[in-house]
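Structure for the following, please:
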Amino acid sequence: MTSTRATFVLVPGYWLGAWAWDEVAARLRDAGHDVHAVTPAGQAERADERADEAAPGVDVDTQAADLVKLIEDGGLEEVVLIAHSGANMAATGAADRIPGRIARVVYVDTGPMPSGLAAIDFHDPEARAALEKSIAEEGGGRWIPVPPFDPGADPVNLADLTGEHLSALRRRGTPQPSGTATQPLTRPDPLPATPRTLVATTIPLAAVRQMGESGHPIFSMMAGPGWTYRELPTGHWPMLSKPRELAALLAGLATGDS
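Numbers count the residues shown, from 1 in each chain. The predicted structure follows:
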C-alpha cells in the first residue's frame with residue numbers, strides 16, 4: 001500500500017473490548033486514517049448472556065464471522081487487520097474467508113495457528129491443565145476468568161503498565177468465552193498470500209526466528225514469504241503501555257513508510 005490513508009480494524013485479545021484501543025485509535029485517526037476498533041462477540045459490552053450473541057456459545061467461528069460481517073457490511077476494502085493476543089484466531093479466520101478485502105494482517109505479540117489447532121494448544125501441558133482447571137472450577141465450564149493482572153506474578157507480560165492501566169484491566173475486563181480458546185480453526189489449503197507482519201513485544205525477534213527455523217509447529221507459521229517483522233519491546237499490552245509507538249509503527253506498516 002502506498003496511499004497515505006489506510007483503513008484499520010483493531011481487534012483486542014481476551015477479556016477486553018474496543019476501549020483497549022482508545023489511545024492508539026485516536027492517534028491513527030489524528031493522522032488521517034479510517035479506524036474501526038472492534039469489541040469481539042461475547043466480550044466486554046457484548047458479553048450479556050441475554051443478547052443474541054450469548055457469550056457462552058461464542059467460539060472462534062462466531063468471532064471470525066462477526067469480523068467478516070463488520071468488514072463486508074461496512075464496505076471496507078484494503079483493510080489492515082490488527083490482531084492482539086487471543087484475537088489471532090478470529091482475525092486469521094476472517095482474513096482467510098475474505099482475502100480480497102484484506103491488505104495486511106498484523107499480529108501484535110501473537111501469530112496464526114496451524115489448521116486444526118486451537119489456541120489452547122499453544123500452551124505447554126502444565127499451563128494447559130491449569131487453564132482447563134480454571135475454566136472448569138472458576139468459569140463454570142464456559143468461561144476463562146479474568147486474571148488478577150498482578151505485575152509481581154507476571155512481570156514480563158505486564159511490563160510498563162501503570163497502576164491506572166492495571167486497574168482498568170481488572171475493572172473493565174470480562175470473562176472470556178472458553179470456545180474461543182478450545183475450538184480449532186480450519187484453514188484453507190493453500191493459504192491466502194495476504195501480507196502478514198509480526199509485532200513482537202514480549203519475545204525477541206531473534207527467538208521467534210530461531211523457533212520458526214527449527215520447525216516449531218506454531219512459530220514456523222510466522223516465517224516465510226509474505227512475512228515482515230517489527231519489534232516493540234514492552235509487555236503484552238502495547239496498546240496501553242506504548243500507544244504512541246504502536247500507532248506510529250502500524251501507520252508506517254500501512255503506508256509503506258516503515
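
Using neighbour counts, pick out the buried residues of stretch 117-137.
Within stretch 117-137, the residues scored as buried using 16 or more other CB atoms under 10 Å are 117-120, 122, 131-132, 135. Just so you know, the C-beta spots here come from the backbone N, C-alpha and C atoms, and that holds for glycine as well.

Can you tell me the closest non-neighbouring residue to residue 223?
Closest residue to residue 223 in three dimensions, ignoring its sequence neighbours and counting by CB to CB, 6 or more residues apart in numbering: residue 212, at 3.7 Å.

how close does that neighbour sit to residue 198?
From residue 212 over to residue 198 the distance is 10 Å, taken as CB to CB, to the nearest Å.

tell me, what's touching these two both at once?
Common neighbours of residue 212 and residue 198, counting by CB atoms under 8 Å, 6 or more residues apart in numbering, are residue 222.

from the buried residues of stretch 117-137, which has minimum pLDDT?
Lowest pLDDT of the buried residues of stretch 117-137: residue 122, 90.

give the contact list for that one.
Residue 122 neighbours (CB under 8 Å, 6+ apart): 113, 218.

which stretches of the stretch 51-200 of the chain have low pLDDT?
Along the stretch 51-200 of the chain, the model assigns pLDDT under 70 to residues 51-56.

any chance you could map the helices in it?
60-73, 88-97, 125-137, 163-172, 179-182 (DSSP state H, counting those that start in this stretch).

Would you mind telling me which of those is nearest residue 10?
Closest approach to residue 10 among the helices of the stretch 51-200 of the chain is made by helix 88-97 (10.0 Å; CB to CB).

so what does the closest one touch, helix or strand wise?
If contacts are counted by 3 or more CB pairs under 8 Å, 6 or more residues apart in numbering; DSSP states H and E, helix 88-97 sits against helix 60-73, strand 79-84, strand 102-108.

And for residue 184, the neighbour number?
Other residues near residue 184 number 17, with proximity taken as other CB atoms under 10 Å.

distance of it from residue 61?
Counting by CB to CB, the gap from residue 184 to residue 61 is 10 Å.

How about residue 156?
Distance of residue 156 to residue 61, given as CB to CB: 31 Å.

From the chain's centroid, how far away is stretch 158-165?
Between the centre of stretch 158-165 and the centre of its chain there are 19 Å (CA atoms, centre = their mean, to the nearest Å).

Okay, buried residues for that stretch please.
So, applying 16+ other CB under 10 Å, buried residues of stretch 158-165: 158-159, 161, 165.

Please produce TSV containing these, extended by distance to residue 228.
Formatted as TSV, the buried residues of stretch 158-165 follow (distance: CB to CB, whole Å):
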residue	distance to residue 228
158	27
159	24
161	27
165	28
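
who's in contact with the residue sitting nearest the centre point of the chain?
For the chain, the residue sitting closest to the mean C-alpha position, by CA atoms, centre = their mean, is residue 84 at 2.4 Å. In this structure, residue 84 makes contact with 10-13, 20, 108-110, 237, 239, judged by CB under 8 Å, 6+ apart.

Next: residue 7.
Here residue 7 is in contact with 33-36, 76-80 (CB under 8 Å, 6+ apart).

and those residues, which two are the farthest apart?
With CB to CB as the measure, no two of those lie farther apart than 35 and 77, at 14.8 Å.
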